[in-house]
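>>> Build me a structure from this.
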Amino acid sequence: MAETPLLTVENIETKYGRSQVLFGVSLKIAPGETVTLMGRNGMGKTTTVRSIMGMTPAASGSIRFDGKETRTLPAYRVAKLGVGLVPEGRQIFPNLSVRENLVATAADRSPGGAHWTLETIYELFPRLAERQNSMGNQLSGGEQQMLAVGRALMTNPRLLILDEATEGLAPLIRREIWRCLAKLKAQGQSVLVIDKNVAALTKIADRHYMIERGRVVWTGTSAELAAAPDIQHRYLGV
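Have a look, this model is predicted:
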């Protein structure tokens, strides 16, 4: 990658108490790149995300966002730098309306990039416009995922991270999320996606990282991953 990375993770080691989960994980994301982190459940994907976000700080290694070391920063400071998270389990505010969820954390952290507003979020997800006065706990799982993506985009992030982007969603909603990600990529949004859908991700993403037992065990382009069914089977069980 000739371009200076937007995110650089180098040799991070992360623990929960005495239990070590990540063992020297490294990855990079260039501006405008869509990158995936794939692996079976319990292999360290979410812990990697939590380390990047400052929610479970890495004990060692380096995490740089736009050249700034962020490994020891608290999560709110990482978010302020321009990292938006769609967390596993969505975690929307159940007692706020769709509109209130979207504006609750809105900010402009992406100078020169796409400026997300209520109107542009509703264009991206027309269903949210229809449900804008519904409470978060009245939405279906798919609508909640759309809302979680919309809420993260309303912070106008320089890097969008989606943890388990389509897990548990109906096929129709999955297609909606993939359509959304393809549109974001076309707009130059940098994205890190955690998911297991190789067929969809190889159409959208530039590069992929496979993680197993807290270590990156394979990395390559979409063409390389599509041509390596043995890798898919070994690390994803597909």
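
>>> check which helix or strand covers residue 15.
If you go by DSSP states H and E, residue 15 is part of strand 7-16.

>>> wait, residue 191
Element membership for residue 191, per DSSP H and E: strand 190-194.

>>> just to revisit the earlier point, who does the strand holding residue 15 pair up with?
strand 19-29 (antiparallel), strand 60-65 (antiparallel) (DSSP bridges).

>>> Contacts made by that strand with the rest, please.
20-29, 47-48, 50-52, 56-65, 71, 159, 190, 192 (CB atoms under 8 Å, 6 or more residues apart in numbering). Quick note: C-beta positions are derived from backbone N, CA and C, even for glycine.

>>> quick one, strands of this protein?
In the chain, the segments counted as strands under DSSP state E are 7-16, 19-29, 34-38, 60-65, 68-69, 83-86, 159-163, 190-194, 207-212, 215-221.

>>> May I see the ones you listed organised as a markdown table, with distance to residue 230, mean neighbour count and mean pLDDT added?
What follows is the strands of the chain, written out as a markdown table (distance: least, CB to CB, whole Å; neighbours: other CB atoms under 10 Å; pLDDT from 0 to 100):
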| stretch | distance to residue 230 | mean neighbour count | mean pLDDT |
| --- | --- | --- | --- |
| strand 7-16 | 26 | 18 | 97 |
| strand 19-29 | 22 | 18 | 97 |
| strand 34-38 | 15 | 24 | 97 |
| strand 60-65 | 30 | 17 | 97 |
| strand 68-69 | 37 | 10 | 96 |
| strand 83-86 | 31 | 26 | 93 |
| strand 159-163 | 27 | 24 | 95 |
| strand 190-194 | 22 | 24 | 96 |
| strand 207-212 | 12 | 22 | 96 |
| strand 215-221 | 10 | 16 | 97 |
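
>>> Residue 104 is nearest to which of those strands?
Nearest to residue 104 among the strands of the chain is strand 83-86 (13.4 Å), distances taken as CB to CB.

>>> Just the CA atoms of that closest one, as PDB, please.
Extracted in PDB, the C-alpha atoms of strand 83-86 (Å, rounded to 0.1, in the frame of the first residue of the first chain):
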ATOM      1  CA  VAL A  83     -14.000   6.200  14.200                       C
ATOM      2  CA  GLY A  84     -17.600   5.200  14.100                       C
ATOM      3  CA  LEU A  85     -18.800   1.800  15.400                       C
ATOM      4  CA  VAL A  86     -21.800  -0.400  14.500                       C
END
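
>>> That one pairs with which strands, and in what direction?
Partners of strand 83-86 in the sheet, by DSSP bridges, are strand 159-163 (parallel).

>>> State which helix of the protein is the longest.
Longest helix of the chain, by residue count under DSSP state H: helix 171-186.

>>> a markdown table for the strands of the chain, including distance to residue 201?
Output for the strands of the chain, formatted as a markdown table (distance: least, CB to CB, whole Å):
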| stretch | distance to residue 201 |
| --- | --- |
| strand 7-16 | 18 |
| strand 19-29 | 15 |
| strand 34-38 | 5 |
| strand 60-65 | 23 |
| strand 68-69 | 28 |
| strand 83-86 | 15 |
| strand 159-163 | 11 |
| strand 190-194 | 7 |
| strand 207-212 | 7 |
| strand 215-221 | 12 |
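
>>> burial count for residue 226?
Neighbourhood size, residue 226 [other CB atoms under 10 Å]: 16.

>>> nearest residue to it other than its sequence neighbours?
In space, and not counting its chain neighbours, residue 226 is closest to residue 202: 4.8 Å by CB to CB, 6 or more residues apart in numbering.
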